[in-house]
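**Q** here is my input, please return the structure:
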Amino acid sequence: QVQLVESGGGLVQAGGSLRLSCAASGRSFSSYSMAWFRQAPGKEREFVARISWNGGSTSYGDSVKGRFTISRDNSKNTGSLQMNSLKPEDTAVYYCAAGRFGTTTSPSYSHWGQGTQVTVSS
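**A** Residues are numbered from 1 along each chain as shown. Take a look at the predicted model:
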């Protein structure tokens, strides 16, 4: 079983940066793909980024490509999302997820964190 806890959210001005962290418990984390999703009020959950179990493969949603970077450190059971050039439309609750199949859709992830709020002011 894997438990995930996000941190690092907050309030930032447009153009600024934030780094989200995902701390995982459980020995299986290093064998799982990891992803970040986000959900804004009144909107569906949106894929942000994913990384394969060994960090060798990454992919990003079109709205964040070139601005966000996903990474992981299996020796520390952690994952991160570096967010640069933030825009007001990036405002959402950000969720860390882990799963064996690691696609860009939320049903492929079996473990989820509680989420962390990111608010970008204009």
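**Q** and the closest residue to N84 other than its chain neighbours, how many neighbours?
**A** Nearest residue to N84, sequence neighbours excluded (Cβ to Cβ, 6 or more residues apart in numbering): S17, at 4.8 Å. Quick note: C-beta positions are derived from backbone N, CA and C, even for glycine. S17 has 11 neighbouring residues, counting by other Cβ atoms under 10 Å.
**Q** so S17 versus S30, what's the distance?
**A** Distance from S17 to S30, counting by Cβ to Cβ, to the nearest Å: 27 Å.
**Q** with A49 instead?
**A** Per Cβ to Cβ, A49 is found 18 Å from S30.
**Q** and these two? Which one has more around it.
**A** More crowded of A49 and S30, by other Cβ under 10 Å: A49, with 24 against 16.
**Q** so who does that one touch?
**A** Taking Cβ atoms under 8 Å, 6 or more residues apart in numbering, we find A49 in contact with A35, W36, T58, S59, Y60, G61, V64, F68, T69, I70, L81.
**Q** perfect, that will be all.
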